[in-house]
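Visitor: below is the structure, and that's it, no one-letter string:
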């Protein structure tokens, strides 16, 4: 006769054993918790929970944290990585160099460029302001082009990078041109005429300190790209200590300094603070700032060049620092 | 898994409601005591009370961690089973001499100069007789079963849980529970054969 299935035997034995012990337990074991034990357990429950509050309120939270630590650690690591990636891909705007910025782009990019420049103005220098002296808004065939493009503008050079902010807030960026490139881009004959005019006016300038530049960007008013190739005539450093600003007569035409300058100051926050209402509220500060600005203004006598407006032809430009 | 009434009771316990704790003790203490009593043939009523007291202290301390993935009674039974195993192992260690001070047999009684009467750690003659009776029972073999095997057998035969309930409690597949149980019964049989001098345990009556 074959033996029964071992597991079945064991199962039966276990069930019989359990049944016997249960019956035995029912006879011997008390049917409910003893009073002393109940009191002790209640004491413990009261100590642990009190009046609805867990002893050491943080215990449950710590237990939860301990049970969740792998998820929390993973989540924290990912968050840190994300922050690192974002921080690296988007450095603070104020620390960007002008050359790193796009030449043209959306309004947001321009605002970004502008705030960067304004940050530079606040942190480094005031830049230098110019007004057109030739009313050169006429194309060679006499048609008006460009509207108020570069009628007044602010220019700053940092190393080889050049930044021009138009009166309407448009930002043009570019670089100093190598001498060979400059010869092709800037009309030499116009340059010689300007030199002659400056000499006739008795103004001293240093031809060797001159440089050419090319900037481009989108004009906010026209919503078109503008390329400005210019030539900068600089005074010798010794002349910068001379009192008084250069006269506006050199280029003829009498630039509308006061009327043109105002919008630029109004639109450029950095300059606005220096020359505008803020300065007028503090005359002492105003004088200091203006004196510093004038010192810089005196460093560049003229800017001449060509402005090419996308789809609108081009015009020649001659600009100088505004009068005092 | 957990009923609404049970969830409400647990919530009240967590808020420190003494009546809720009373209700919990009334509902589960007697069942837990009967469960513990089955776990070892050597457990006396006093042993069961001690184990249950430890188990319910652990219930109070850990009620916050009860997730509701199983019935409250199953959760209490698992705690009680762990406490019972610890208790049984402590007792076994004590019987082997652990934790007891050794006394030299040459030591004289300082009071009357008579040879020192050292109580024996071995069971008394009555206890030996009782053990001899119990030795015929399967519980002796069960005591030698440990780890996952003991746990799954306890839950299946002493807590009367279904495969599905055991699977939920141990976070296993029901088929895994079935397979483990089968292997563990084989193992228990081998132990029982050794315990009973090579005889088939099926020839013994419980």
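Guide: The structure has been received and is ready for your questions. Computed from a predicted model, the values in this text were never measured in an experiment. Residues are numbered from 1 along each chain as shown, chains lettered A, B, ... in the order given.

Visitor: show me where chain B has helices.
Guide: B:4-14, B:18-39, B:45-62, B:72-95, B:125-135, B:139-143, B:147-153, B:163-170, B:174-195 (DSSP state H).

Visitor: as a markdown table, the ones you listed with mean neighbour count would be great.
Guide: To be clear about C-beta, it is placed using only N, CA and C from the backbone, and glycine gets the same treatment. A markdown table is the format used below for the helices of chain B (neighbours: other C-beta atoms under 10 Å in any protein chain shown):
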| stretch | mean neighbour count |
| --- | --- |
| helix B:4-14 | 15 |
| helix B:18-39 | 20 |
| helix B:45-62 | 20 |
| helix B:72-95 | 18 |
| helix B:125-135 | 12 |
| helix B:139-143 | 21 |
| helix B:147-153 | 18 |
| helix B:163-170 | 18 |
| helix B:174-195 | 17 |
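
Visitor: can you flag the weakest of those by average pLDDT?
Guide: Among these, helix B:125-135 carries the lowest mean pLDDT, a mean of 53.

Visitor: low-confidence ranges in the stretch 101-250 of chain A?
Guide: Counting by pLDDT under 70, the stretch 101-250 of chain A contains low-confidence residues at A:101-126, A:134-146, A:180-209, A:235-250.

Visitor: find the closest residue to chain B in chain A.
Guide: Per C-beta to the nearest C-beta, residue A:49 is where chain A lies closest to chain B, at 3.2 Å.

Visitor: coming back round to it: can I get the helices of chain B in TSV including distance to chain A?
Guide: As requested, those are exported to TSV (distance: least, C-beta to the nearest C-beta, whole Å):
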stretch	distance to chain A
helix B:4-14	7
helix B:18-39	4
helix B:45-62	5
helix B:72-95	13
helix B:125-135	11
helix B:139-143	6
helix B:147-153	7
helix B:163-170	13
helix B:174-195	4
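
Visitor: wait, which of these is closest to residue A:154?
Guide: Among these, the nearest to residue A:154 by C-beta to C-beta is helix B:4-14 (69.5 Å).

Visitor: what residue lies at the spatial centre of chain B?
Guide: A centroid search over chain B (C-alpha atoms, centre = their mean) returns residue B:84, at 3.1 Å, as the residue closest to the centre.

Visitor: my read: that one touches residue B:51, true?
Guide: Yes: at 4.8 Å, residue B:84 counts as touching residue B:51 under the criterion of C-beta atoms under 8 Å.

Visitor: is residue A:172 in a helix, a strand, or coil?
Guide: Secondary structure, DSSP: H, G, I helix; E, B strand; the rest coil: residue A:172 is strand.

Visitor: surely it and residue A:164 touch.
Guide: Yes: using C-beta under 8 Å, residue A:172 is in contact with residue A:164, at 4.4 Å.

Visitor: list of residues touching stretch B:27-37?
Guide: A:21-22, A:24-26, A:28-33, B:9, B:43, B:45, B:48-49, B:51-52, B:55-56, B:72-73, B:76-77, B:80-81, B:83-84, B:158-159 (C-beta atoms under 8 Å, 6 or more residues apart in numbering or on different chains).

Visitor: please redo it, this time with the cut-off set to 6 Å
Guide: Stretch B:27-37 has contacts (C-beta atoms under 6 Å, 6 or more residues apart in numbering or on different chains) with A:21-22, A:25, A:29, A:31, A:33, B:43, B:48, B:51-52, B:73, B:76-77, B:80, B:84, B:158-159.

Visitor: next up, the contacts around residue A:154.
Guide: Here residue A:154 is in contact with A:127, A:129, A:165 (C-beta under 6 Å, 6+ apart).

Visitor: residue A:215 versus the nearest residue to the first one once chain neighbours are set aside, what's the distance?
Guide: Looking back up the chat, that one is residue A:127. Distances taken as C-beta to C-beta, 6 or more residues apart in numbering or on different chains put residue A:156 closest to residue A:127, at 3.9 Å, once the chain neighbours are dropped. In this view, residue A:156 and residue A:215 are 11 Å apart by C-beta to C-beta, to the nearest Å.

Visitor: the two: who's more crowded?
Guide: residue A:215 (23 against 19; other C-beta atoms under 10 Å in any protein chain shown).

Visitor: who's in contact with the more buried one?
Guide: Applying C-beta under 6 Å, 6+ apart to residue A:215 gives the contacts A:162, A:164, A:172, A:173, A:174, A:228.

Visitor: swap the cut-off to 10 Å and go again
Guide: Contact analysis of residue A:215 by C-beta atoms under 10 Å, 6 or more residues apart in numbering or on different chains lists A:98, A:103, A:153, A:155, A:161-164, A:171-175, A:226-230, A:305.

Visitor: likewise for residue A:14?
Guide: B:38, B:138, B:139, B:142, B:153, B:156, B:157, B:158, B:185, B:188, B:206.

Visitor: just to revisit the earlier point, quick one: common contacting residues for residue B:84 and residue B:51?
Guide: B:32, B:35, B:36, B:37, B:39, B:40, B:43.

Visitor: please name the nearest non-neighbouring residue to the closest residue to chain A within chain B.
Guide: Closest contact between chain B and chain A, by C-beta to the nearest C-beta, is at residue B:16 (3.2 Å). Spatial nearest neighbour of residue B:16, excluding adjacent residues (C-beta to C-beta, 6+ apart): residue A:49 at 3.2 Å.

Visitor: good, we can wrap up now.
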